[in-house]
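K.L.:
The following comprises the amino acid sequence and a computationally predicted model.
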Amino acid sequence: MKFRLIVKDESREPWHEDYDKSHINDLSEAEAWAKDTIERFNATLQPHETPREVVRVEVLDLEGDDHSWVKTNIVTIIDSKGNYDTVECASCGITGRRHGLGLSGIRRDRKFKALGYDSCKQAKVLLARREKRAIRLDEDSEDHQA
Ligand SMILES: [Zn+2]
């Protein structure tokens, strides 16, 4: 995930440094990483350096990270709520429904309701986590059988 670390020290105005760390997936992980990094920096100061302080951490590039919806039904479905198409993101694979025309009409399926699924990139992260958890549960049930 790309994020921006805004830091300051006593001699300067705050400035920012941008990072892209594949093992960091959300803001709280980025904040923890920033805190550790700055603490390490402060613990190993060179004579010409002054201690730094984290001002804040911002997530970059989540906006504009749209899903690539493709229609998965052949014929538009008509039910009591009107007509709709079922759609799937060609990139991350989450599903939803498109009522009427246009992107504003997309409603993600219930299991992808969480805010994180707004972003295609974040959806992939969440799905990978879900998968990992499912594998763990499988392993657990094998343990019980053994
Ligand atoms: Zn997507």
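P.N.:
Right, received. Where do you want to start?
K.L.:
Same question for the worst-scoring helix or strand of the chain on mean pLDDT: list its buried residues.
P.N.:
The weakest-scoring helix or strand in the chain, judged by mean pLDDT, DSSP states H and E, is helix 120-145 (a mean of 78). Neighbour counts over helix 120-145 (16 or more other CB atoms under 10 Å) mark 120-127 as buried. C-beta here means a position set from N, CA and C on the backbone, and glycine is covered the same way.
K.L.:
swap in stretch 45-61?
P.N.:
Residues of stretch 45-61 classed as buried: 52, 54, 57, 59 (neighbour count, 16+ other CB under 10 Å).
K.L.:
Strands - which of the residues you listed land there?
P.N.:
When those are checked against strands (DSSP state E), the matches are 52, 54, 57, 59.
K.L.:
thought the second one was touching I38?
P.N.:
If I follow you right, that is V54. Yes - at 5.3 Å, V54 counts as touching I38 under the criterion of CB atoms under 8 Å.
K.L.:
Can you pull the poorly scored residue ranges out of the protein?
P.N.:
Within the chain, the ranges that satisfy pLDDT under 70 run 61-64, 100-104, 139-146.
K.L.:
now with 50?
P.N.:
Residue ranges of the chain with pLDDT under 50: 145-146.
K.L.:
Got the domain ranges for it?
P.N.:
The chain is divided into the following domains under automatic domain parsing: 2-59, 69-143.
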